[in-house]
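Novice: my questions concern the predicted model and sequence given below.
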Amino acid sequence: MYNNTPTPPPYNHGGGYENAQTVVSTTSSVMKRVYLKMTLGLLVTAFISLFCAGSMTYMQFMAANSWFYWGLFIAELVIVFTISARLTKMSSTVATLLFYVFAAINGMALAPIFLLYTATSIAKTFFICAGTFGAMSIYGYFTTQDLTKWGNFLIYALFGLIIASVVNIFTKSSGLDWIISCAGVLIFVGLTAWDTQKIKQMALYAPASAIGHIATIGALSLYLDFINLFLYLLRFFGSSRD
């Protein structure tokens with residue numbers, strides 16, 4: 001989703017102390033916008049998901065028409081690839097709108113978890129996920145270590161995770177499912193730190209005109225990390241309603 005540029009030296013812009021202070025202020029401002037957009041996206045997903053889960057008509061329709069779920073999934077992929085590929089060709093407002101549309105569609109797709117797991121276990125998992133996500137994002141922001149190689153490895157691991165998940169749809173192996181769940185948690189924990197560092201790098205080098213776009217693509221990346229981490233943690237901490 002981002003170019004694999006190495007981590008820059010702190011405040012690598014020249015111009016002395018005042019310029020360094022400006023860079024710090026700009027980067028901090030961008031990151032605040034990223035986290036605000038991501039949080040609003042998560043709230044949109046949560047409210048839409050709760051609303052849909054409370055509608056028996058919607059849940060019955062979703063259960064009876066598997067094509068609808070796959071339609072939501074395809075729509076999500078289209079939006080993600082559209083934002084990623086055409087970000088610089090669309091206005092910041094359009095990119096932000098697409099992000100919130102994506103969050104709403106994802107909320108529709110995630111509604112069944114409220115019927116599968118107890119509300120208490122979902123809330124518990126959310127707080128565990130928020131704490132883990134926050135810790136790794138802070139690490140990614142403040143570490144001086146270049147996480148590029150780590151990130152490249154995690155991307156390859158993610159592809160392997162997807163392949164293993166597809167295979168397990170047919171094999172239905174409980175052992176493989178456990179391995180997939182553990183790997184998913186570790187992968188998205190690592191991606192959270194890596195994506196945070198990548199967003200910081202982009203903020204350090206980007207012109208002022210690109211800040212809105214960076215905030216949107218950054219929010220989307222961290223949103224995806226959070227949602228996936230939450231879903232994999234839910235496999236461990238979620239309590240079935242049965």
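Specialist: Cool, the structure landed.

Novice: from here on, contacts and neighbour counts on C-alpha atoms
Specialist: Fine.

Novice: which strand or helix spans Tyr152?
Specialist: In this structure residue 152 is Asn, not Tyr. Element membership for Asn152, per DSSP states H and E: helix 148-171.

Novice: buried stuff in that helix?
Specialist: Neighbour counts over helix 148-171 (16 or more other CA atoms under 10 Å) mark 148, 151, 154-155, 157-158, 161, 165, 168 as buried.

Novice: please name every helix or strand in contact with it.
Specialist: Helix 148-171 sits against helix 174-205, with contacts defined as 3 or more CA pairs under 8 Å, 6 or more residues apart in numbering; DSSP states H and E.

Novice: list the residues that contact Ser92.
Specialist: Residues in contact with Ser92 (CA atoms under 8 Å, 6 or more residues apart in numbering) are 212-213, 216.

Novice: tell me the spacing between it and Phe153.
Specialist: Distance, Ser92 to Phe153, using CA to CA, to the nearest Å: 31 Å.

Novice: between helix 174-205 and the lowest-mean-pLDDT helix or strand in the chain, find me the angle.
Specialist: Across the helices and strands of the chain, mean confidence by mean pLDDT, DSSP states H and E is lowest for helix 16-53: a mean of 83. Put simply, helix 16-53 runs at 140 degrees to helix 174-205, going by axes from the mean of the first three to the mean of the last three CA atoms, to 10 degrees.

Novice: helix 16-53: which residues count as buried?
Specialist: Of the residues in helix 16-53, those buried (16+ other CA under 10 Å) are 20, 23, 26-27, 30-31, 33-35, 37-38, 41-46, 48-50, 52-53.

Novice: now stretch 120-133
Specialist: For stretch 120-133, the buried set under the neighbour-count rule, 16+ other CA under 10 Å, comprises 121-122, 125-126, 128-129, 132-133.

Novice: below-threshold pLDDT in this protein: ranges please.
Specialist: Along the chain, the parts satisfying pLDDT under 70 run over 1-24, 242.

Novice: hang on, the earlier thing: contact partners of the helix or strand that comes right after the least confident helix or strand of the chain?
Specialist: Next along the chain after helix 16-53, taking DSSP H and E as the criterion, comes helix 56-64. Contact with helix 56-64 is made by 52-53, 68-69, 112, as judged by CA under 8 Å, 6+ apart.

Novice: from the contact counts, what lies against the helix or strand just after helix 56-64?
Specialist: Downstream of helix 56-64, the next assigned helix or strand under DSSP H and E is helix 66-86. Helices and strands touching helix 66-86, by 3+ CA pairs under 8 Å, 6+ apart, are helix 92-110.

Novice: nearest to Phe99, of the contacts of Ser92?
Specialist: Closest to Phe99 out of the contacts of Ser92 is Thr216 (7.2 Å), distances taken as CA to CA.

Novice: name the nearest residue to the closest one, sequence neighbours excluded.
Specialist: Nearest residue to Thr216, sequence neighbours excluded (CA to CA, 6 or more residues apart in numbering): Thr96, at 5.9 Å.

Novice: got the angle for the helix or strand where Thr216 lies vs helix 92-110?
Specialist: Per DSSP H and E, Thr216 falls inside helix 211-237. Interaxial angle, helix 211-237 versus helix 92-110 (the same axes, to 10 degrees): 10 degrees.

Novice: can you pull the buried residues of helix 211-237?
Specialist: Neighbour-count burial for helix 211-237 flags 211-235, 237 (criterion: 16+ other CA under 10 Å).

Novice: right, I'll leave it there.
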